[in-house]
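Visitor: return atomic coordinates for the entry below.
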Amino acid sequence: MSAPEKKTPRCAIVTGATSQIGVFLIPRLLQLGWCVDAISRKPQPTTDIAQLRWAVGNLGTARLPQTRAPVDMVFHLAALPLLPRHLPDLAARGAGRVIAISSTSRLTKVDSPSPYERQVAAGLARAEQELAETCDAMGLAWTVFRPTMIYGAGLDQNVAAITRWIRRFRFFPIVNHGLGLRQPVHADDLAQACIAAVDAERAFGRAFELGGGEQLSYREMVRRVFENQGIQPRFAPVPAQALRGLIRCLKLLPRYRHLTPAMVDRMATDLCFDITPADQAFGYRPRAFLTGSPQP
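Guide: Residues are numbered from 1 along each chain as shown. Predicted coordinates for the structure are as follows:
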């Protein structure tokens, strides 16, 4: 009896591999037997995992770093506007499928009072359109994910930033009771969505908003962060104008450079999305907020 034919592992390029989604996606791919070329801007420690190879690359440059060929799949976890220019190169390396991460900011910040935030939304919209048009012209199957507020790896600028503030100051400033709804999504749920959508034909050529499994007010979200850290919740009601002024001052510090006064107004705005299309297309069913172990 002849020996069974050895199955060739599927190979993927993962850009933005050290991002919070990459932290969870790469181990899941390896566990499933994938061969992974992980691209990061910074050198990573040498690994003895034969299926994993790290490459240093800046996607803002003319070419991607050398990777193993051929590849089947591209998971683009870096900034979306960096991807379209590299699609011909990726197709030449064998990639026939692309899953790319955008953001719901593409929808929620279109009319922001902040010029910077409007620029971010416009840049995402252009990148999504260029990605779709280029992939369609080249025969690549594409999917775009637009996550809401990502948390879970301690690398985000939302839940992790709230956590650091609470740890340091033991209270949290809030405007107008913080009644705007939020839908935080765990980075591991997004990693699982990436894998689930690879062969899901109903996901091809579409963009999906991916929120978490629970909608809760901004105040309730912050309260859970307090409790997750074992700290008694303490809120300090602050006039909107005063908090905007505080943020303008904090922006002078590198840690808080990402803050904008427009964030104050969004405390009272609902930022939730229907995840039913993603569930129907590839079985997306994310967890509730802050279930599991405390955040790093």
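
Visitor: hang on, Gly212 in a helix?
Guide: No: counting by DSSP: H, G, I helix; E, B strand; the rest coil, Gly212 is not found in a helix; it is coil.

Visitor: wait, it sits on Tyr284?
Guide: No: assessed by CB atoms under 8 Å, Gly212 is found out of contact with Tyr284, at 10.7 Å. Any C-beta I mention is one placed from the backbone N, CA and C, and that applies to glycine too.

Visitor: tell me the buried residues in the top helix by length along the chain?
Guide: Counting by DSSP state H, the longest helix found in the chain is helix 115-138. By neighbour count with 16 or more other CB atoms under 10 Å, helix 115-138 contains the buried residues Glu117, Val120, Ala121, Leu124, Ala127, Glu128, Glu130, Leu131, Ala132, Thr134, Cys135, Met138.

Visitor: quick check: next helix or strand after that helix?
Guide: strand 141-147 (DSSP states H and E).

Visitor: what strands line up against that next one, and which way round?
Guide: When pairing is defined by DSSP bridges, strand 141-147 lines up against strand 97-101 (parallel), strand 206-210 (parallel).

Visitor: any stretches of the stretch 51-200 of the chain with poor pLDDT?
Guide: 62 (pLDDT under 70).

Visitor: where exactly do the strands run in it?
Guide: With DSSP state E, counting those that start in this stretch as the criterion, the stretch 51-200 of the chain has strands at 52-56, 73-76, 97-101, 141-147, 150-151, 172-174, 181-182, 185-186.

Visitor: how distant is the first one from the center of its chain?
Guide: Between the mean C-alpha location of strand 52-56 and the chain-wide mean there is a distance of 20 Å, by CA atoms, centre = their mean, to the nearest Å.

Visitor: try the longest one
Guide: In terms of CA atoms, centre = their mean, the gap separating the centre of strand 141-147 from the centre of its chain is 11 Å.

Visitor: likewise the last one?
Guide: Between the centre of strand 185-186 and the centre of its host chain there is 9 Å, according to CA atoms, centre = their mean.

Visitor: give the pairing partners of it; include direction for each.
Guide: By DSSP bridges, strand 185-186 pairs with strand 150-151 (parallel).

Visitor: identify the residues contacting the partner strand?
Guide: 20-21, 156, 158-160, 184-187, 190, 290, 295 (CB atoms under 8 Å, 6 or more residues apart in numbering).

Visitor: likewise stretch 256-267?
Guide: Stretch 256-267 has contacts (CB under 8 Å, 6+ apart) with 108-109, 112-114, 116-117, 157, 161, 174-176, 178, 180, 218, 240, 243-244, 247-248, 250-251.

Visitor: which of these are buried?
Guide: Applying 16+ other CB under 10 Å to the contacts of stretch 256-267, the neighbour count classes 108-109, 112, 117, 174-176, 178, 180, 218, 243-244, 247 as buried.

Visitor: packing partners for the helix or strand hosting Ile13?
Guide: Using DSSP H and E, Ile13 sits in strand 11-15. If you count contacts as 3 or more CB pairs under 8 Å, 6 or more residues apart in numbering; DSSP states H and E, strand 11-15 packs onto helix 20-31, strand 35-40, strand 73-76.

Visitor: please save the CA atoms from the second one in CSV.
Guide: Extracted as CSV, the C-alpha positions of strand 35-40 are listed here (Å, rounded to 0.1, in the frame of the first residue of the first chain):
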residue,chain,number,x,y,z
CYS,A,35,3.1,28.5,6.5
VAL,A,36,3.4,32.2,7.5
ASP,A,37,5.7,35.0,6.2
ALA,A,38,5.2,37.8,8.8
ILE,A,39,6.2,41.3,7.8
SER,A,40,6.9,43.9,10.5
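
Visitor: counting contacts, what elements does it pack onto?
Guide: Applying 3+ CB pairs under 8 Å, 6+ apart, we find strand 35-40 packed against strand 11-15, helix 20-31, strand 52-56.

Visitor: winner for burial among those?
Guide: For these, average neighbour numbers computed from mean count of other CB atoms under 10 Å are highest in strand 11-15, which has a mean of 25.

Visitor: tell me the strands beside that strand, with direction?
Guide: Note on strand 11-15: by DSSP bridges, its sheet partners are strand 35-40 (parallel), strand 73-76 (parallel).
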